[in-house]
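Enquirer: Fold the stuff below for me.
(3 chains)
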Amino acid sequence: MAKAEKYRLAQIVERFGGEILGDPQTPISQVATLESAGAEHISFLTQGKYRKQLAGTGAGAVILGKADSGLTDLPRIICDEPYLYFAKVSALFNPPQAIKPGVHRTAIVERGARIPASASIGAGAYVGRRVKLGKGVVIGPGCHIGDGVEIGAVSRLHARVTIYPECRLGRRALVHSGAVIGADGFGIAQDHGAWRKIPQVGRVLIGDDVEIGANTCIDRGALDDTVVEDGVKLDNLIQIGHNVHIGAHTAIAGCTGIAGSSRIGKHCMIGGAVAIVGHLDIADRVIIHAAAVVTKSIRKAGTYGGHPAEDSLNWARNMARLRHIAALRERMRDIEQQLSLPKEKA
Amino acid sequence: MAKAEKYRLAQIVERFGGEILGDPQTPISQVATLESAGAEHISFLTQGKYRKQLAGTGAGAVILGKADSGLTDLPRIICDEPYLYFAKVSALFNPPQAIKPGVHRTAIVERGARIPASASIGAGAYVGRRVKLGKGVVIGPGCHIGDGVEIGAVSRLHARVTIYPECRLGRRALVHSGAVIGADGFGIAQDHGAWRKIPQVGRVLIGDDVEIGANTCIDRGALDDTVVEDGVKLDNLIQIGHNVHIGAHTAIAGCTGIAGSSRIGKHCMIGGAVAIVGHLDIADRVIIHAAAVVTKSIRKAGTYGGHPAEDSLNWARNMARLRHIAALRERMRDIEQQLSLPKEKA
Amino acid sequence: MAKAEKYRLAQIVERFGGEILGDPQTPISQVATLESAGAEHISFLTQGKYRKQLAGTGAGAVILGKADSGLTDLPRIICDEPYLYFAKVSALFNPPQAIKPGVHRTAIVERGARIPASASIGAGAYVGRRVKLGKGVVIGPGCHIGDGVEIGAVSRLHARVTIYPECRLGRRALVHSGAVIGADGFGIAQDHGAWRKIPQVGRVLIGDDVEIGANTCIDRGALDDTVVEDGVKLDNLIQIGHNVHIGAHTAIAGCTGIAGSSRIGKHCMIGGAVAIVGHLDIADRVIIHAAAVVTKSIRKAGTYGGHPAEDSLNWARNMARLRHIAALRERMRDIEQQLSLPKEKA
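Expert: Numbering: from 1, shown residues only, chains lettered A, B, ... in the order given. As a prediction, this is how the structure comes out:
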């Protein structure tokens, strides 16, 4: 991260809104957690469980929701959404590292690639034929950009990302190390006891403002394309099968797998280690708990969980019910005794 | 993919068999889905749910099973296994990219490596000592091939694959980016509160016609070798522990983990996100549903699922039974009331 | 592995203790499994299920626990912990490969990096500014070491490891290919239907004697640091979220994911494919079964499993109870018939 500047509370509120309680001239040089903050740090409180830490914090100022404004005497910014406010303040103090335009002398750029002067190609990176990069794109050291790939302006690939041929990334993408975009989908046909590979000739099309985590894989389509819409956020070690379609502004946590041809709606939140089988439809605004196993389409916004996944209240209720079985059997025995029915083995 | 040639229906049937209904001179230049096909495309129908799309397709021809031959008036090829037939036709129109033999000037090839003139070593790849490559092998840019590795003819490693020393790949392997073959197995022994590493001195031995997905890991054996037999197909982000043995023609979907020393039979189909614990035996022709947790050996061909995995019908039945518990408790209360038994808490 | 020397049983016992039964001059050149051992190999027995193999082994000698000392007439070492003993003997016969100090001519080392003469930087590796390596550190071919990273003495990174800026690894680390240390945590805030990224400005701090498996990811902290204490062993394809804290000497098997800000105790053993949600506390000496889904803090040492995870005996009991439901329903019907209650639908 670049060296942060210093701001006064008043300057922060000028940018992002909110109300100051306490000294508006309080100087702030960085964001920090309540636990580790020092006198020039601004911290925040979003969950009740951290109130105890607020009492003992060494922070110079804090960001609080309206309901919490009286919890401290520290200089504070009162706002509607303290976590979002904190996100903005943190971005102010931690701007992305400045890029050094140019092609590293050890990078390989094949003929026909279009690299604007504002782009940066790192050491040992490989850029294939007909690749087209937007302004200010950063290709990290050791990246592999296949033939015909297009990447929109201001996108940033960390070290050692792989993009297979013909895939498209939109603007302001952020891709972490080890991610593999556009490898073959898992398309095989039974051929008398052996497997015959089905060529995977679709592409991966990725919208604007997408983040892709470390070692995450997004397979290319079999015939049509795999699509990730604008604003999607993918954590690490996620597997997106061929011809999956992920709607705009959906966020997916790590270790989740989505099998081929499933369609995920917009504004969904999918927990970590979720498994979604192939050829399903998931509606918009669906929330799926961590480690759920989704085996049927979900047609309605709501919260789902379990194995197999269902309305998440049901799953919790069912798991609780398991504990009733032992008691039910006891009561059954009592009744049978009273009725002198023969005891069964179960 | 290389530029596709054009074929007439009659030429396709000449190669792959089947029967033509409609004009045998219909020209075809590519395969496509029913939904996106144009006049020079051939499409296919394998699942009933896509019949509606058949009615509206713009395809010039379609591949159909015998039972479906009357569903359209379009020129069509009627055959026994339309998905397999489509696989063959797609391979005809989408041959693998031609390779450019030779060693890229930025590749490092250590002394004693045997690289035939027909092989291709990409930019920045590293090829260790005593490595032996078969004819026509392609080592993608940025790959790392450890000392003593042997790779059979016509195998193709995409960019940034890692093979640890002494491992063997058979002929016609296809390995995707980020795959790691031959890293140490997870072998540690308790040593009075700390862990002591057990050297992993086995190898990974991989047969012919094996495909390995992006970021998949296959660990080397602890003492003996980890073995993947001919024709095995592995999707992305799979973990294969040390000394696992995978029988021929088994296919495994993404995010699955197989712990050390388990033996998987031949012709198995293992779904995505499955967990198989260590030291188990799985019989030939076992099908395991996505996200199953296999904690015991499976001695019999069949279909299994759930957590813990069992015969998959049982698992579905058990999960359905959970929903009966609430009703059972209601009925129990009615009986107890009628019998004037004391109501228990459960 | 380097060429192994030959030792006599007596020399082995001199180093590691234990008692010899049979000829102390028996020459040993390598360790092997009971099944594949030859006359100059020493093997071992730790699990009863391999007794049959002991009878038929071709080994020249074996390592046995006291209770098993009479199971064979072969020359043998009798000791308290045969698996640990074997680990030591295997390390004797399989020392790590000697390193060749120096910087490969194709490696990039930026200004200000401190590389001792005893360190080894592989082909095509990238070492950023202000990087500080301890004595004898090995950076494998194609590794990426970000600005300001520090790595302790004798640590060894296999090919193609990525370390993001400012992270710290202790001494004697062993990191496998494809591992990504210090990528951004998954920190996003809702912003009126879109997601706003929260800069991830913490680091990853890793203690001494830590092993990190292939393609495993450890995210940097959001504000404070992600911490992995001394002696932790991580298998392949593990995801460690931002601000996770893993206590000393905990071992975690492959495909496991730990979500942000969870704290794992010391001396825990976490099985493969486990999911641990965020912001939990797991006590010291907790054992978690493979594929468990941990949704609540675990305050007490013990063994846990299931989905959701609970005391692992309970989970097994609950899953067994499912099978009782069908029988309970049958018995309920009998009672209702006898009482002439109306049959309900459930």
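
Enquirer: alpha carbons only for contacts and neighbour counts from here, please
Expert: Fine.

Enquirer: any idea how far the closest residue to chain B within the stretch 51-200 of chain A lies from A:His242?
Expert: Nearest to chain B, among the residues of the stretch 51-200 of chain A, is A:Ile198, at 5.0 Å (C-alpha to the nearest C-alpha). Going from A:Ile198 to A:His242 by C-alpha to C-alpha, to the nearest Å gives 12 Å.

Enquirer: Looking at these two, which is more packed in?
Expert: A:His242 (32 against 23; other C-alpha atoms under 10 Å in any protein chain shown).

Enquirer: Residues touching stretch A:114-128, excluding its own?
Expert: A:99-111, A:113, A:130-149, B:123-124, B:141, C:108, C:124, C:126 (C-alpha atoms under 8 Å, 6 or more residues apart in numbering or on different chains).

Enquirer: Could you identify the buried members of those?
Expert: Buried members of the contacts of stretch A:114-128, counted by 16 or more other C-alpha atoms under 10 Å in any protein chain shown: A:101, A:103-104, A:106-109, A:113, A:130-149, B:123-124, B:141, C:108, C:124, C:126.

Enquirer: in chain A, which spans are helices?
Expert: Per DSSP state H, chain A carries helices over the ranges A:9-16, A:51-56, A:82-93, A:312-339.

Enquirer: which ones are touching A:Lys135?
Expert: Counted by C-alpha under 8 Å, 6+ apart, A:Lys135 has contacts A:Pro116, A:Ala117, A:Ser118, A:Ala119, A:Gly152, A:Ala153, A:Val154.

Enquirer: returning to that earlier point: winner for burial among the helices of chain A?
Expert: Most buried of those, by mean neighbour count (mean count of other C-alpha atoms under 10 Å in any protein chain shown): helix A:82-93, with a mean of 21.

Enquirer: quick one: whichever residue of the stretch 1-150 of chain A sits closest to chain C and C:Ser262, what's the gap?
Expert: The stretch 1-150 of chain A approaches chain C most closely through A:Ala87 (5.0 Å), counting by C-alpha to the nearest C-alpha. Counting by C-alpha to C-alpha, the gap from A:Ala87 to C:Ser262 is 21 Å.

Enquirer: before we move on, what about A:Arg76?
Expert: 28 Å.

Enquirer: the more surrounded of those two?
Expert: A:Arg76 (26 against 22).

Enquirer: ok, the residue nearest to the more buried one when sequence neighbours are not counted - contacts?
Expert: Computed as C-alpha to C-alpha, 6 or more residues apart in numbering or on different chains, the closest residue to A:Arg76 that is not its neighbour in sequence is A:Val62, at 4.8 Å. When contacts are counted by C-alpha under 8 Å, 6+ apart, A:Val62 touches A:Ile42, A:Ser43, A:Phe44, A:Leu45, A:Leu74, A:Pro75, A:Arg76, A:Ile77.

Enquirer: So A:Asp23 sits against A:Ile77, correct?
Expert: No. Applying C-alpha atoms under 8 Å as the test, A:Asp23 and A:Ile77 come out as separate, 10.4 Å apart.

Enquirer: Give me the domain ranges for chain A.
Expert: A:7-93, A:102-311 (automatic domain parsing).

Enquirer: quick one on the thing from earlier: now for the residue of the stretch 51-200 of chain A closest to chain B: which residues touch it?
Expert: A:Gly187, A:Ile188, A:Ala189, A:Ala222, B:Ala87, B:Lys88, B:Ser90, B:Ala91.

Enquirer: Please apply the same query to A:Ala251.
Expert: For A:Ala251, counting by C-alpha under 8 Å, 6+ apart, the contacting residues are A:Val232, A:Lys233, A:Leu234, A:His267, A:Cys268, A:Met269, A:Ile270.

Enquirer: ok, 10 Å please
Expert: With contact set as C-alpha atoms under 10 Å, 6 or more residues apart in numbering or on different chains, A:Ala251 has these partners: A:210-211, A:231-235, A:266-271, A:287, C:186, C:188, C:194-195.

Enquirer: what about it, distance to B:His249?
Expert: 36 Å.

Enquirer: Ok, A:Ala290 next?
Expert: Taking C-alpha to C-alpha, one finds A:Ala290 at 33 Å from B:His249.

Enquirer: more crowded one of these two?
Expert: A:Ala290 (28 against 24).

Enquirer: Please name the residues that touch that one.
Expert: A:252-256, A:270-275, A:304-306, C:259, C:275-278, C:293-295.
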